[in-house]
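Novice: I would like to see how this sequence folds:
(one chain, ligands or ions: 1)
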Amino acid sequence: MSETHITLVSHPLCPFVQRAEIVLLEKGVPFDRLNIHLAAKPAWFLDISPNGKVPLLRVRQQDGTEAVIFEMMYPRDALARARQRGWVEFGTATLADAWQFLNATDRPTADAKQAAFRHRLQQLEVALGSGPYFNGAAFGMVDAVGGGDYRCRTIHRA
Ligand SMILES: N[C@@H](CCC(=O)N[C@@H](CS)C(=O)NCC(=O)O)C(=O)O
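Specialist: Below you'll find the model as predicted:
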């Protein structure tokens, strides 16, 4: 039987890597993680990464994009899947607001981004059902995507 070796090429602070890692851990997929310096990307990485971005899932000689591994955690039902995809997009926009808030260099931008981030969290609260996960009993992509957003919120509170 052939053995598949999966490496998640990463950066320690990347929230998109965090999503991928959460999915792999939830699915019980064995992998190792390799952090690279994004300011000095290794040549082997640039050779196999179409966008020069992490996360990159390296499976033996092949590489996969974020979308490939994220397909693993969407529900089968088409309507539920479409709803989750919409909220995943929302999660990415939420992360952008949080990131811009944390990195703002002037007060008006910080205030605007903080308000936008807070508003998005309030929208999310309204959309949450009885749980324990976004889609009910099953852990899914919206929950994995939330990891990066909540981490930003934790940093802010620290
Ligand atoms: N989700 C997107 C974005 C990933 C992303 O922006 N990764 C950042 C780190 S968090 C990166 O690799 N930046 C390096 C660069 O843009 O050169 C993707 O996977 O293509």
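
Novice: how about the residues of the chain by the ligand?
Specialist: His11, Cys14, Phe16, Leu38, Asn51, Gly52, Lys53, Val54, Glu66 (C-beta under 6 Å from any ligand atom). Placement of C-beta: from N, CA and C, glycine included.

Novice: counting neighbours, which of these comes out on top?
Specialist: Val54 (22 neighbours; other C-beta atoms under 10 Å).

Novice: tell me the one of the residues of the chain next to the ligand nearest Gly131?
Specialist: Phe16 (24.6 Å; C-beta to C-beta).

Novice: tell me where this protein has helices.
Specialist: 15-27, 43-48, 66-70, 78-102, 107-127, 141-157 (DSSP state H).

Novice: for the fourth one, packing partners?
Specialist: Which is helix 78-102. helix 107-127, helix 141-157 (3 or more C-beta pairs under 8 Å, 6 or more residues apart in numbering; DSSP states H and E).

Novice: and those, which is most packed in?
Specialist: helix 141-157 (a mean of 18; mean count of other C-beta atoms under 10 Å).

Novice: that older thread, in TSV: the helices of the chain, plus mean pLDDT.
Specialist: TSV is the format used below for these (pLDDT from 0 to 100):
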stretch	mean pLDDT
helix 15-27	89
helix 43-48	89
helix 66-70	67
helix 78-102	92
helix 107-127	94
helix 141-157	66
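
Novice: would you turn those into JSON lines with distance to Thr7?
Specialist: Formatted as JSON lines, these follow (distance: least, C-beta to C-beta, whole Å):
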{"stretch": "helix 15-27", "distance to Thr7": "11"}
{"stretch": "helix 43-48", "distance to Thr7": "11"}
{"stretch": "helix 66-70", "distance to Thr7": "12"}
{"stretch": "helix 78-102", "distance to Thr7": "24"}
{"stretch": "helix 107-127", "distance to Thr7": "32"}
{"stretch": "helix 141-157", "distance to Thr7": "19"}
